[in-house]
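>>> okay, predicted coordinates and the sequence, questions at the end:
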Amino acid sequence: MKTRRRPYLLALLSAAVLAGCAREPKTAGLTVPPPVAPESSAAAPAAAPAPEAVESPHPENVAVRPEAREFAPSPRLHDIHFDFDQYVIRPHDTKILDANLDWMLSNPKSLVLIEGHCDERGTNEYNMALGEHRARATANYLVAHGVLSERITTLSYGEERPLCTERTEACWARNRRAHFLVRLPTPAR
């Protein structure tokens, strides 16, 4: 009777081991944007820096980001669009970004808000994250080409502010965008 149980036990044990190894983690299919700059904390020592080495920010030295309502559309800055479920900047959209870049470099005191938008497909949470990836990818392009990151604010609206509400591919393509708004410097008084 002992010898009859052994093959069953071995088969059950083998099945349990194989079942535990058969699946990939659920995060394997997700796409994560590459970091903008290598993180310096990876090479940093484990010990925390001495308290005297850390300066406390003074209110006059802290840059305050303007609120979204302080920005307005500009006829000089144009939207770019994205493929379905992507935040990679398409080659033909780099021409639009280069024109936006030229304007930003010519107007160094202006601030820009880049809104990331999606079509209605996908969950609200997913679209909010995807919209943020789109806005950040667009901002990263501009920063890599010479715009100071302090001049750019990003915001995701996900699927909440569509340009078009028809349920067609052409309409969805219009909604998958990075939208530019500008805050011009206030004149000195």
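Sure thing, it's come through. Note that the structure is a prediction, hence the values are computed from the model and not measured.

>>> tell me which element Met128 falls in.
Assessed by DSSP states H and E, Met128 sits inside helix 124-144.

>>> quick check: mean pLDDT across the helix or strand that comes right after that helix?
Using DSSP H and E, the helix or strand that follows helix 124-144 in sequence is strand 152-158. Averaged over strand 152-158, pLDDT sits at 97.

>>> equivalent analysis for stretch 66-77, please.
Averaged across stretch 66-77, the pLDDT comes to 86.

>>> so which bits of that stretch are buried?
71, 74, 77 (16 or more other CB atoms under 10 Å). All C-beta spots, glycine's among them, are computed from the backbone N, C-alpha and C.

>>> residue contacts, the first one?
By CB atoms under 8 Å, 6 or more residues apart in numbering, the contact list for Phe71 reads 111-113, 181-183.

>>> what's the most distant pair in the residues you listed?
Across these, the longest distance by CB to CB is 9.4 Å; it joins Leu111 and Leu181.

>>> quick one: contacts of stretch 132-140?
Contacting residues not belonging to stretch 132-140 are listed as 33, 36, 80, 82, 87-89, 97, 114-118, 149, 152, 154-156, 176-178 [CB under 8 Å, 6+ apart].

>>> for burial, what's the neighbour tally of the residue lying closest to His78 once chain neighbours are set aside?
Spatial nearest neighbour of His78, excluding adjacent residues (CB to CB, 6 or more residues apart in numbering): Ile96 at 5.1 Å. Counted with other CB atoms under 10 Å, residues neighbouring Ile96 total 18.

>>> wait, doesn't Ile96 sit right on Arg76?
No: at 11.5 Å, Ile96 does not count as touching Arg76 under the criterion of CB atoms under 8 Å.

>>> break down this structure into its strands, ranges please.
80-81, 111-117, 152-158, 177-183 (DSSP state E).
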